[in-house]
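K.L.:
Predicted coordinates and the sequence they were generated for:
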Amino acid sequence: MNMASADYDRMKEVKEFDESKMGVKGLSDSGITSIPRFFIHPPQTLSQLKSSSSSSSSSSSPGIPMIDLSNLDSPHHRPKIVDQIREASKTWGFFQVINHGVAVSALEETINAIKSFHEQPQQVKAKHYVREEGRGVMYASNNDLYRSEAASWHDSLQVWMAPQPLEVEQIPEICRREVVAWDTHAKTVAESVMKLLCEGLGLESGKFKELTFSDTRVLVGHCYPYCPQPDLTMGIISHTDPVVLTVLLQNQVPGLQVKHGDEWVDVKPVPGGLIINVGDFLQIVSNGEYKSVQHRVLANSCKKPRISIVMFFNLAKWKDSDSYGPLPELLSPEKPAIYSNFTHKEYNDNFYSKGLDSKSFIDKITI
């Protein structure tokens, strides 16, 4: 299909969709059998989907590493857990944690609350539909809708929890209590994992907390509704997360895939589990010891929506010089910096100047 034929005004169609505030959930609920043209991805993206079907990440595939956090404070078990997390962060960039201390009931309540938000009537959700990234509450379809080559089949509720205190009343009432509670739960898990990551680098366990690596937090509640043509679009395109660390909670509808070597591996949801992944910022400050990896979500071919709640963790306080780079404690003549320092503005400008992508910032600062 020629995406750029002369009689097709893509931006007009995108703008009409955005201004309708219906999201892809509205399109899906309307019973359409073919997706709007601006959701169709280019052949090079779609051809990779076909070559990476579930056959290439079959049920015999090990999937991402699973790490049991029970006995975390045991002197006998903790070194083993540190080793497992260090190895997973170096070789996969992704792992699932179980026995992380958050009750299964809290996980289910959070998933159900985000699902309930997305299942509200369109006119109710539309009150929250805005495009103001970087603060407050934003409900929209595709935060990079106007920056990306092709739109993807998901809607999102984005809530900036910190560092700027959020007026709780801004959070939609239907999921307010659960969003506030999840911020606390996810932060507790992230800070436990950050301690283990520090120890894996030979740092003091509290180093990342001291550097405010969990003090900027944004919660994103994604809904991937049924797509009538899942072979023509994506749930979310392949990308890496630009942050320090991500904690992901999802329901049992599959779709998430992680790139491992040359293969796309299906991430099988584990009841009661949470998925952790390394972000670009952590790869840089660890001087490449930990790796952020590409991941994507396939368009949903199930009638049941895929729900995922992503909590992004990033630093809140930049150094007095307003620059960052590999941590000096990790550098030596034998292990020199492989990334140059960068400023807060350079980091932000890179993210907001384009659609989602993979490691474009890391590529820019690699020495």
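P.N.:
That came through fine.
K.L.:
Any stretches of the stretch 1-150 of the chain with poor pLDDT?
P.N.:
1-7, 50-62 (pLDDT under 70).
K.L.:
what are the ranges of the strands in it?
P.N.:
Using DSSP state E, counting those that start in this stretch, the strands of the stretch 1-150 of the chain run over 66-68, 94-98, 137-140.
K.L.:
List the buried residues of the second one.
P.N.:
Burial within strand 94-98, assessed by neighbour count using 16 or more other CB atoms under 10 Å, is assigned to Phe94, Phe95, Gln96, Val97. Yep, even glycine has a C-beta here, placed from its N, CA and C like the rest.
K.L.:
Switch the residues you listed over to JSON lines, and while doing so, append distance to Tyr129 to every line.
P.N.:
Converted to JSON lines, the buried residues of strand 94-98 look like this (distance: CB to CB, whole Å):
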{"residue": "Phe94", "distance to Tyr129": "31"}
{"residue": "Phe95", "distance to Tyr129": "35"}
{"residue": "Gln96", "distance to Tyr129": "33"}
{"residue": "Val97", "distance to Tyr129": "34"}
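K.L.:
Out of those, which comes closest to His344?
P.N.:
Closest to His344 out of these is Phe94 (26.9 Å), distances taken as CB to CB.
K.L.:
can you map out the helices along the stretch 51-200 of the chain?
P.N.:
78-91, 104-118, 122-125, 176-200 (DSSP state H, counting those that start in this stretch).
K.L.:
Point out the most buried one among the ones you listed.
P.N.:
helix 176-200 (a mean of 20; mean count of other CB atoms under 10 Å).
K.L.:
how many degrees apart are that helix and strand 94-98 in direction?
P.N.:
Angle of helix 176-200 versus strand 94-98, following axes from the mean of the first three to the mean of the last three CA atoms, to 10 degrees, is 110 degrees.
K.L.:
just checking, what packs against the helix or strand following helix 176-200?
P.N.:
Using DSSP states H and E, the helix or strand that directly follows helix 176-200 along the chain is helix 207-210. Packing partners of helix 207-210 (3 or more CB pairs under 8 Å, 6 or more residues apart in numbering; DSSP states H and E): helix 176-200.
K.L.:
and the helix it packs on with helix 104-118, angle?
P.N.:
Going by the same axes, to 10 degrees, helix 176-200 makes 120 degrees with helix 104-118.
K.L.:
can you tell me the average pLDDT over helix 176-200?
P.N.:
Throughout helix 176-200, pLDDT has a mean value of 98.
K.L.:
what do you get for stretch 223-231?
P.N.:
The pLDDT scores in stretch 223-231 average 98.
K.L.:
where's His222, which helix or strand?
P.N.:
Per DSSP H and E: strand 216-224 holds His222.
K.L.:
And that strand, what does it pack against?
P.N.:
Checking 3+ CB pairs under 8 Å, 6+ apart, strand 216-224 ends up next to helix 104-118, strand 155-162, helix 176-200, strand 306-314.
K.L.:
What's the local residue count around the closest residue to Glu87 other than its chain neighbours?
P.N.:
Leaving aside its sequence neighbours, Glu87 sits nearest to Pro65 (CB to CB, 6 or more residues apart in numbering; 7.6 Å). Neighbour count of Pro65, defined by other CB atoms under 10 Å: 16.
K.L.:
go on, Lys359?
P.N.:
Using other CB under 10 Å, Lys359 has 17 neighbouring residues.
K.L.:
The residue lying closest to Val285 once chain neighbours are set aside and Asp320: what is the separation?
P.N.:
Spatial nearest neighbour of Val285, chain neighbours left out: Leu327 (5.2 Å); criterion: CB to CB, 6+ apart. For Leu327, the distance to Asp320 (CB to CB, to the nearest Å) stands at 16 Å.
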